[in-house]
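1. Build me a structure from this.
(chains A and B)
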Amino acid sequence: MKINKLLTKLFILSALFLASCSDDDTPQVPKGDYENGILISGEGSGAGTGSISFISNDLTTTENLIYKKVNSTELGIYLQSIAFDNERAFVVVDNANSVTVVDRYTFEEKSTITTGLNGPRYMAVVGDKGYVTNWGSTSDETDDFIAIVDLNTYDVDGTIAVGNGPERIIENNGKLYVSHKGAFGTNNIISVIDLSDNSVETITVGYKPDEIFVNGKGELVVLCGGNESWTGNETIASIVNINMSTNTEVSSLTFANGEHPSLMVLDNGILYYEVEGKVFSISEDATALSSTSIVESQGYLYGLAVKNDRIYLLDANFKDLSELNIYDLSTKNIIDTKAIALGASKIYFN
Amino acid sequence: MRKILIISIFYIISFNSMAQNDSLVNRLKEIVIQADKKLKKYSVGYKVTTLSDSVLVRNTESFTSLLRFNSPLYLREYGSGGTSSASFRGTSSSNTAVIWNGININSINNGQTGFNALTVSLFDAIDIRSGGGSLEYGSGAVGGTIHLNDYLQFTDTKQIKNQFVASLGSFETYRGLYKLKFSNSKLAINSGVSYNRSENNYKFLNTNFKNTNGAYENFGFNISAAYSLTEFSKLKFYSANYLGERFFSGELPNPLMANDKYQDFSHRNLLIYTHKKSRLSHEAKLAFLIQEYRYFEDKASSMFNFGKSKRYLANYDVSYSFPKLKASITSHSEYESAFGKTDQILERNRKQFSQSFIYNQDVNSSVSFDAKIRKDFNSDYDVPFTYALGVKVKPIKNLFFRANGSKNFRVPTYNDLFWPGQGNLDLIPETALQGEFGIGYKNNQFVIDIGIFYINANDKIVWTPVGDPDRSGVWVPINLSEVNNKGLEMSLSFNKTFSERTVKFNINYSYTIATDKTTDKQLIFVPKHLFNSNLGYTYKRFSFFYQQLFTGKVYTTESNSSDFVMPHYFVGNMGMDYRLLSSEKKQLTIGFKVNNVFNKYYEVLARRPMPNRNLNFNINYKF
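-> Modelled structure (predicted):
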């Protein structure tokens, strides 16, 4: 009897326990091998394909060429950027005129978009549409466009004509903001596309606008690298803040003559930017640039990201594996170094 | 008679021809006039492989595939018919010189020759010489030289020979070739036209794509003539002209992106006067060469990038022989003025004068050697002395030893120096020291040659994004690495006739270890193993052949990362011919060839699949 009671008790307890367990577990069913980690995209070069590396958040696992391992094919060159929605990753490869759609956690290929793109660069996802910036033919500065991709059928079902060399694209409040770095030449505009009617307005900024973010005050922050001296028409670089309701410049921080920053990220109200391999940080409200760098790259600094208490620097190598250096944001000490994708250029958190 | 015998022996022993048929030996009995006599004369101790016209006609697909299946060179090709370059013994492709009738025709812009921008079926033979001792063709040929030769021939009676070759192949490939040779006792004329076109739209195996942008079309016209002015002097003229248009095929995953087009033109003209009386011979040459390419990034657009060059060459050779010593000394003086420009580089003029001396001697019946020294005076550079020595020893019948060593320089190309924003005016010439030792055996049926080589190259010019601290991220050329190449080159051929059957077999194999001294890793795009073989079997009027190629794995990164490699591949081709007519005057052969007979997927460069199984039918009529 006693044993029987005990067994019943145990049964009830275990049932409860199991029930509660499975309840807890539901959100933790692994979505794929490439969850909870960092994705690094590498552009590739003549030495090897554009590729994606995965590093687990605890930095114990590094896996290169994850797309090739899962799908047994290569992505091609030059892998420019990756966009995401909740389940999918959209890998934009510019020379291949393709966007490869994969499950963002397993990296299994769902589709590859091969028509309707011409020199694709970056993509923004808005609902079930993707907006891809395209340079068009390199010999024509007037055929640049945004391709509109139906994310259910993976077809390009429309285009929006824009000025030369559209680069980064972000969505905010029903509008797309596109920086025009100018493709192989140079340009100095931001396109603002109203998604209700796809009408395009432009804002003039400094030359070679690249990274764009929306800051805590609801302003658009633009890094304008400026024309380099070899162009024969050198201009000053700046970080420009734009009021997004009036589309006018609010403030701007200018760099010294000859300085041409090429990377900028915004994290937690702080802007991090790169000048000649050194990383500087300022508050997003700052009224002056910083004169002391926080970390300095040992190689060719080509990618930058900040998350939680770490800062990530990519030393790109186009002839070999690149290096990812991870620093502690507070101490600025190096935590780890990883050999990752060839021509590594972008860092994403998955 | 005795003299002819000596000459024949000289050819056979010093010039271990790996020719795939006997035409070379036959040709030696006639009075053959070559624009370039230096190659054979001054290749003591070097390995020279000859591809005869029958081999050229059998491998008409491209110069690239001809070399890939018949020589020890490694060819990088951007898809079938695309940009192609060749390298010897793990050296770079600008260390391979292409010599047309004695004139180096590498581009002055990038220092290379495009091996798919040249029709070679019009030439009478191609000689491939491994090793760096060919100073008389420019000091930069560290790896070796490829010689395109026209043979002119005087005959006692008037002769007219015609040859017509046509083929029809898969992917809408059409090729046609017509050669006319006229000769009498004072005049010899060779002329030829060729036309090739192909849609080249082969299916990419295991995909839904085709090679959609791979079509090509080209036209070639060559003419050469020799005229006997007096008993002692001759006048010769050579002209080769080429016009081609190619589309550059796309790569996976989206071959549809390919949209570019490439056109190239070349006109090469050479006039030679020779005078030879008793011990003294003179040769004066004048050459004028034009080369131009146009690259259309968008084939629909009229905008293009271009490169153009014009070269004027004058050279004078004088040679004196010492019959008692069986020796000769030659002075070779050459002046060149080259004008090069691209859409990115304004026209530049480089002038060069070079002086070399060559001494060769048959010390006794078993030992011969040649020694060369060359000094260049270049308007852009100071190029020090270069030298070479080749020795051949034949201690007993059929067996020979050969050895050679040389020092070479390669001056930077126009692109290296002047490319806007990237060129580097501080570059110095690359230097290479090398040596080779070979052993061989030859009898009537069997020839084998095994050589081991060593090359030490310094100040190699390498393009890198971290070359200039002031221009981080900008690809610039710098004098960077020290590279050691060592390895083995082997060739073997066997030829036996049993009554109505003939078997021919030959093999090229090379093993190359090429390491960068700082990393101690294998250089990128240098396969350790390269192998090709040709097997031929003839029975009465039928002949059958099979070609097999093996190209070993290559690394594409300096660290030899296993993530980035081009895997090894095997490819086999086979074919059959039937001789309908085989009289002295008329020979008519029909045949077919199956390329990639096992329908294997392979890539020479990443994501660019090479053709699947394909067929061609051909007809070859000589009358």
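2. how long is stretch A:139-148 end to end?
-> 23 Å (CA to CA, to the nearest Å).
3. What are the contacting residues of that stretch?
-> A:116-118, A:120, A:129-137, A:156-166, A:169, A:176, A:178, A:183, A:185, A:193, B:297-298, B:301, B:303 (CB atoms under 8 Å, 6 or more residues apart in numbering or on different chains). (Glycine included, C-beta is placed from N, CA and C.)
4. Need the buried ones from those residues selected in PyMOL.
-> To isolate the buried ones among the contacts of stretch A:139-148 in PyMOL, judged by 16 or more other CB atoms under 10 Å in any protein chain shown, type:
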select buried, (chain A and resi 116+117+118+120+129+130+131+132+133+134+135+136+137+156+159+160+162+163+164+165+166+169+176+178+183+193) or (chain B and resi 298)
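5. Out of the contacts of stretch A:139-148, name the ones that lie in strands.
-> A:120, A:129-134, A:156-161, A:166, A:169, A:176, A:178, A:193 (DSSP state E).
6. who's in contact with whichever residue of the stretch 501-623 of chain B sits closest to chain A?
-> For the stretch 501-623 of chain B, the nearest residue to chain A under the criterion CB to the nearest CB is B:F564, separated by 3.5 Å. With contacts defined as CB under 8 Å, 6+ apart, B:F564 is in contact with A:A47, A:G48, A:T49, A:D320, A:L342, B:Y555, B:T556, B:T557.
7. Report the spatially nearest residue to it, omitting neighbours in sequence.
-> A:G48 (3.5 Å; CB to CB, 6 or more residues apart in numbering or on different chains).
8. Please state the offset of stretch A:130-139 from the chain centre?
-> Offset of stretch A:130-139 from its chain centre (CA atoms, centre = their mean, to the nearest Å): 17 Å.
9. Quick one: low-confidence residue ranges for chain A.
-> Along chain A, segments meeting pLDDT under 70 span A:1-28.
10. Would you mind listing what in it touches chain B?
-> A:46-49, A:51, A:64-65, A:73-76, A:93, A:95-98, A:100, A:112, A:114-115, A:137-140, A:230, A:276-277, A:299-300, A:302, A:316, A:318-321, A:342 (CB under 8 Å from any CB of the partner chain).
11. can you do 7 Å?
-> A:47-49, A:64-65, A:73-76, A:95-98, A:100, A:112, A:114-115, A:137-139, A:230, A:276-277, A:300, A:318-321, A:342 (CB under 7 Å from any CB of the partner chain).
12. Filter the residues you listed down to just the buried residues.
-> For the residues of chain A next to chain B, buried by 16+ other CB under 10 Å: A:47-49, A:64-65, A:73-76, A:95-98, A:100, A:112, A:114, A:137-139, A:276-277, A:300, A:318-321, A:342.
13. show me what contacts the residue of the stretch 151-300 of chain A found nearest chain B?
-> Across the stretch 151-300 of chain A, the shortest distance to chain B (CB to the nearest CB) belongs to A:W230, at 4.3 Å. Counting by CB atoms under 7 Å, 6 or more residues apart in numbering or on different chains, A:W230 touches B:G421.
14. can I assume it sits in a helix?
-> Yes. Counting by DSSP: H, G, I helix; E, B strand; the rest coil, A:W230 falls inside a helix.
15. the helices in chain A, which residues?
-> Ranges of helices in chain A, per DSSP state H, are A:2-25, A:66-71.
16. And the last one, how far out from the chain middle?
-> A distance of 20 Å separates the centroid of the chain from that of helix A:66-71, by CA atoms, centre = their mean.
17. Excluding chain neighbours, what is closest to residue 327?
-> Chain wasn't specified; assuming chain A. For A:Y327, ignoring the flanking residues on the chain, the nearest one in space by CB to CB, 6+ apart is A:I311 at 4.7 Å.
18. switch to chain B, that's the one I care about
-> Nearest to B:A327 is B:Q361, by CB to CB, 6+ apart, at 3.6 Å.
19. So what pairs up with that neighbour in the strands?
-> Going by DSSP bridges, B:Q361 is paired in beta bridges with B:A327, B:F369.
20. What's the local residue count around it?
-> Using other CB atoms under 10 Å in any protein chain shown, B:Q361 has 17 neighbouring residues.
21. would B:I358 count as being in a strand?
-> Yes. Per three-state DSSP, B:I358 lies within a strand segment.
22. isn't it right up against B:V44?
-> No. In this structure B:I358 lies outside contact range of B:V44 using CB atoms under 7 Å: 10.4 Å.
23. quick one, which of the two is more surrounded?
-> More neighbours surround B:V44 than the other of B:I358 and B:V44, with 26 against 22 (other CB under 10 Å).
24. Wait, a strand at the more buried one?
-> No. Using three-state DSSP, the assignment for B:V44 is coil, not a strand.
25. Confirm for me that it is in contact with B:L389.
-> No. In this structure, B:V44 is not within contact of B:L389 by CB under 7 Å, at 9.3 Å.
26. which residues do those two both contact?
-> Contacts common to B:V44 and B:L389, judged by CB under 7 Å, 6+ apart, are B:F369.
27. Any buried residues in stretch B:259-272, and which?
-> Of all the residues in stretch B:259-272, those buried under the rule 16+ other CB under 10 Å are B:259-270, B:272.
28. Looking at those, which is nearest chain A?
-> Using CB to the nearest CB, B:N259 is the member of these that lies nearest chain A, at 7.9 Å.
29. Next, give phi and psi for that closest one.
-> phi -150, psi 20 (degrees, to the nearest 10).
30. quick revisit: so what pLDDT did the residue of the stretch 501-623 of chain B closest to chain A get?
-> B:F564 carries a pLDDT value of 89.
31. show me the contacts for B:F182.
-> Counting by CB under 7 Å, 6+ apart, B:F182 has contacts B:I160, B:I189.
32. can we see that at 10 Å?
-> Counting by CB atoms under 10 Å, 6 or more residues apart in numbering or on different chains, B:F182 touches B:T155, B:K158, B:Q159, B:I160, B:K161, B:N162, B:A188, B:I189, B:N190, B:S191, B:A225.
33. What residues sit buried inside the host helix or strand of it?
-> Using DSSP states H and E, the element containing B:F182 is strand B:173-183. Residues of strand B:173-183 classed as buried: B:T173, B:R175, B:L177, B:Y178, B:K179, B:K181, B:F182, B:S183 (neighbour count, 16+ other CB under 10 Å).
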